[in-house]
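> any chance you could fold what I've pasted below:
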Amino acid sequence: MGNSGSSSSDPRLASATRAFTQTELDDLRTLYASLAAKSQSNGNHISPDVFKGYIGIDGPLGDRVFDLVSQKRRDQRLTFEDLVIAKATYEKGTNEDMEEFIYKLLNVSGDGTVGRSDLEVVLTSMFDNLFRSQSSEPKAGSYKEIVEVFINAANSTSDGMSFQDFQKWCSLLPAVRKYLGSLLMPSDSGSQVPKLVYPDNIDDSQILLRKEYAWHIGGALSPTELDEWKLLYHSSIHGLSFNTFLGNMLNDGPTVLIIKDREGDIYGGYASQPWEKHPDYYGDMRSFLFQLYPEASIFRPTGANHNLQWCAVNFTSESIPNGIGFGGRVSHFGLFVSANFDQGHSFTCTTFASPCLSKSSQIYPEVIECWGVASARADQDRTHANKGTVLDRFKEDRNMLNLVGLANSS
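Model (predicted):
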């Protein structure tokens, strides 16, 4: 089946075949037969257009994927052997195998150097594929600003981006790594972009969390947390009030806190635990800090300490500053907003290996908004819990408290 341009003696094919079970190979044959039939090739190969339709990517990026998967033969034919080898890399290969493939993929020009123009093409293609169904009138160049934000996180020189720089870029932009690493994966893996829910009386232009930013933040989260995010607090509507902020935290799950300061920079943090009064740091290793503008980056916990989340309310001791924050140490947080919501600070911190998130360490919030992350799994658990007896629910709550206690211990 589909031997054109490939040899069954290819050692890569032999290795790739061993990575799959017989059932998985049969499924690949079925997939190949379906795509080859659509290509009208008498079952001999898959055409570029049909393959790009399968992965959902066209244009230069789609051409580059086809070129790499068909092993750069330039014969416009993708064989069954090609498909097995590529699928083995995507689904069965090591993390390094995958990253080497993605690094080659970024070089859409094919000149051997991953340059700024390559990144622009790749990111534009990604955003168009992710969001074109959500935009009734897509415009050319409509992603130019957001593309710049993502490229700004890259350490790219006139000589291009090295493989090591690419790996660091992927660590700062896990959504990019996740997306490019799923092009050949099954299509039922779930949405990568959460649905943003907010009241009708809030104009879209007031919202800091544009869909591209939500996708970026979601790259560091599990699929169950990418269902729906609901706006709980927005300073333009509710005022810059700490008490109102806490009063609006109606959900008992994670939240996404976003700040835009007077300098125009946008950044924030993902809080894995509810915002509630504590005299010391709390939270778990799922929390992280992020930047959205003028560059996009995510900074996850390093394990250097457990100073993850801070929420102090109505304390009179100077050693316990009232307000909310993440990381660092007391009075020297990775990100902190005072209880007056009128000022705060951001310092380099080892908790997240994060830099100062703003242009200067002292920050003056202009807009603050907070989103509740609705987990599909949590919703199912709550429904199940409500059906149980009082004793059953007590046992489940007790188990959860034990888990939280373990997570909070240092």
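
> give the helix, strand or coil label for the residue lying farthest from the centre of the chain.
The C-alpha centroid of the chain is most remote from residue 42, which lies 40.6 Å away (C-alpha atoms, centre = their mean). Secondary structure state of residue 42, per DSSP: H, G, I helix; E, B strand; the rest coil, is coil.

> ok, now how distant is it from residue 61?
Applying C-beta to C-beta, to the nearest Å, the value for residue 42 to residue 61 is 29 Å. Heads up, the C-betas are built off the backbone N, CA and C, glycines and all.

> same question for residue 355.
Distance of residue 355 to residue 61, computed by C-beta to C-beta: 31 Å.

> the two - which one has more neighbours?
Here residue 355 and residue 61 are compared on neighbour count by other C-beta atoms under 10 Å; more neighbours surround residue 61, at 25 against 15.

> can you check what pLDDT the model gives that one?
What the model reports as pLDDT for residue 61 is 92.

> can you give me every residue that contacts it?
105, 108, 121, 122, 125, 126 (C-beta atoms under 8 Å, 6 or more residues apart in numbering).

> tabulate those residues (CSV), appending pLDDT, secondary structure and neighbour count.
Formatted as CSV, those follow (pLDDT from 0 to 100; DSSP: H, G, I helix; E, B strand; the rest coil; neighbours: other C-beta atoms under 10 Å):
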residue, pLDDT, secondary structure, neighbour count
105, 95, helix, 20
108, 94, coil, 23
121, 94, helix, 18
122, 95, helix, 26
125, 91, helix, 20
126, 91, helix, 22
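
> tell me where the stretch 1-150 of the chain has helices.
In chain order, the stretch 1-150 of the chain shows helices spanning 11-18, 22-38, 48-55, 59-69, 80-87, 95-106, 116-131, 144-151, with DSSP state H, counting those that start in this stretch as the criterion.

> okay, those in JSON lines with distance to residue 363 next?
Converted to JSON lines, the helices of the stretch 1-150 of the chain look like this (distance: least, C-beta to C-beta, whole Å):
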{"stretch": "helix 11-18", "distance to residue 363": "51"}
{"stretch": "helix 22-38", "distance to residue 363": "51"}
{"stretch": "helix 48-55", "distance to residue 363": "42"}
{"stretch": "helix 59-69", "distance to residue 363": "37"}
{"stretch": "helix 80-87", "distance to residue 363": "46"}
{"stretch": "helix 95-106", "distance to residue 363": "34"}
{"stretch": "helix 116-131", "distance to residue 363": "28"}
{"stretch": "helix 144-151", "distance to residue 363": "19"}
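
> from the ones you listed, which stretch is densest packed?
helix 80-87 (a mean of 23; mean count of other C-beta atoms under 10 Å).

> CA atoms only for that helix, dumped as PDB, please.
The C-alpha coordinates for helix 80-87 follow below in PDB (Å, rounded to 0.1, in the frame of the first residue of the first chain):
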ATOM      1  CA  PHE A  80       1.500   5.100   4.000                       C
ATOM      2  CA  GLU A  81       5.200   4.600   5.100                       C
ATOM      3  CA  ASP A  82       5.500   8.400   5.500                       C
ATOM      4  CA  LEU A  83       2.400   8.500   7.600                       C
ATOM      5  CA  VAL A  84       3.600   5.800   9.900                       C
ATOM      6  CA  ILE A  85       7.000   7.400  10.500                       C
ATOM      7  CA  ALA A  86       5.500  10.800  11.100                       C
ATOM      8  CA  LYS A  87       2.800   9.500  13.400                       C
END
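
> next one: that helix to chain centre, how far?
The chain centroid and the centroid of helix 80-87 are separated by 28 Å under C-alpha atoms, centre = their mean, to the nearest Å.

> quick check: angle from that helix to helix 59-69?
Orientation check (axes from the mean of the first three to the mean of the last three C-alpha atoms, to 10 degrees): helix 80-87 against helix 59-69 gives 110 degrees.

> where does the stretch 101-250 of the chain dip in pLDDT?
Counting by pLDDT under 70, the stretch 101-250 of the chain has low-confidence residues at 133-141, 186-191.

> related to what we said a few turns ago, just send the contacts of residue 61 back as a markdown table, with distance to residue 180 too.
Conversion of those to a markdown table gives the following (distance: C-beta to C-beta, whole Å):
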| residue | distance to residue 180 |
| --- | --- |
| 105 | 6 |
| 108 | 12 |
| 121 | 13 |
| 122 | 8 |
| 125 | 10 |
| 126 | 8 |
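
> residue 301: which of these is nearest?
Comparing the contacts of residue 61 against residue 301 with C-beta to C-beta picks out residue 126 as the nearest, at 26.8 Å.

> what's the closest one in contact with, if anything?
Residues near residue 126 by C-beta under 8 Å, 6+ apart: 61, 176, 179, 180.

> all strands of this protein, in order?
For the chain, the strands identified by DSSP state E occupy 195-197, 228-234, 255-261, 266-271, 288-293, 297-299, 309-312, 323-326, 335-338, 344-345, 362-363, 365-374, in order along the chain.

> can you tell which of those strands is closest to residue 222?
strand 365-374 (10.4 Å).

> pull that closest one out as CSV, backbone CA atoms only.
Coordinates of each C-alpha in strand 365-374 appear next as CSV, following Å, rounded to 0.1, in the frame of the first residue of the first chain:
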residue,chain,number,x,y,z
PRO,A,365,-3.0,49.3,38.3
GLU,A,366,-5.2,51.0,35.8
VAL,A,367,-7.5,47.9,35.2
ILE,A,368,-7.9,44.7,37.2
GLU,A,369,-10.0,41.8,36.1
CYS,A,370,-10.4,38.3,37.4
TRP,A,371,-11.9,35.2,35.7
GLY,A,372,-13.2,32.1,37.3
VAL,A,373,-12.0,28.9,35.7
ALA,A,374,-14.8,26.4,35.3
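
> just to check, residue 238 is in contact with residue 244?
Yes. With contacts defined as C-beta atoms under 8 Å, residue 238 counts as touching residue 244 at a distance of 4.8 Å.

> and which of the contacts of residue 61 is nearest to residue 19?
Comparing the contacts of residue 61 against residue 19 with C-beta to C-beta picks out residue 105 as the nearest, at 20.2 Å.
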